[in-house]
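In: I need the structure of the sequence given here:
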Amino acid sequence: DWLLAALKPTQRDSVRRSDIADDGNRIPDGQRNATLASLAGAMRAHGMSESEIVAALLVTNAKRCVPPLD
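Out: The predicted structure is shown next:
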């Protein structure tokens, strides 16, 4: 039950998602830093190592950020 509750989108999540491009995958300029930091925090909270988080963020930046960060 606690896991389902944690996965249930909140109003804050739906607002954040509505700010993302229509396809739902792109992270637009102006939201890149905050979104990547949020993803990193979530991955760390789930026990991922620093190297795992960095690898995931590099892929996310390259594939979803418009334009990608340097």
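
In: For the residue nearest the centre of the chain, report the pLDDT, please.
Out: Centroid check for the chain by Cα atoms, centre = their mean gives Leu39 as the closest residue, at 3.9 Å. Confidence at Leu39, expressed as pLDDT, is 96.

In: Tell me which helix or strand comes right after whatever helix or strand it lives in.
Out: In this assignment (DSSP states H and E), Leu39 forms part of helix 32-45. Note on helix 32-45: by DSSP H and E, the next helix or strand toward the C-terminus is helix 50-64.

In: Need the per-residue pLDDT for the closest residue to Leu36 other than its chain neighbours.
Out: In space, and not counting its chain neighbours, Leu36 is closest to Leu57: 5.5 Å by Cβ to Cβ, 6 or more residues apart in numbering. Any C-beta I mention is one placed from the backbone N, CA and C, and that applies to glycine too. Predicted confidence (pLDDT) for Leu57: 95.

In: I'd say Leu57 and Ala37 touch.
Out: No: the pair Leu57 and Ala37 does not pass the contact test of Cβ atoms under 8 Å, sitting 9.2 Å apart.

In: of these two, who's got more company?
Out: Taking other Cβ atoms under 10 Å, Leu57 and Ala37 do not tie; Leu57 has more neighbours (17 against 11).

In: Distance check, the more buried one against Asn25.
Out: 15 Å (Cβ to Cβ, to the nearest Å).

In: ditto for Glu50
Out: Counting by Cβ to Cβ, the gap from Glu50 to Asn25 is 25 Å.

In: swap in Ala37?
Out: Distance of Ala37 to Asn25, given as Cβ to Cβ: 18 Å.

In: same thing with Pro67?
Out: In terms of Cβ to Cβ, Pro67 sits 15 Å off from Asn25.

In: ditto for Gly41
Out: Gly41 is 20 Å from Asn25, by Cβ to Cβ.

In: swap in Met48?
Out: Here Met48 is placed at a distance of 21 Å from Asn25 (Cβ to Cβ).
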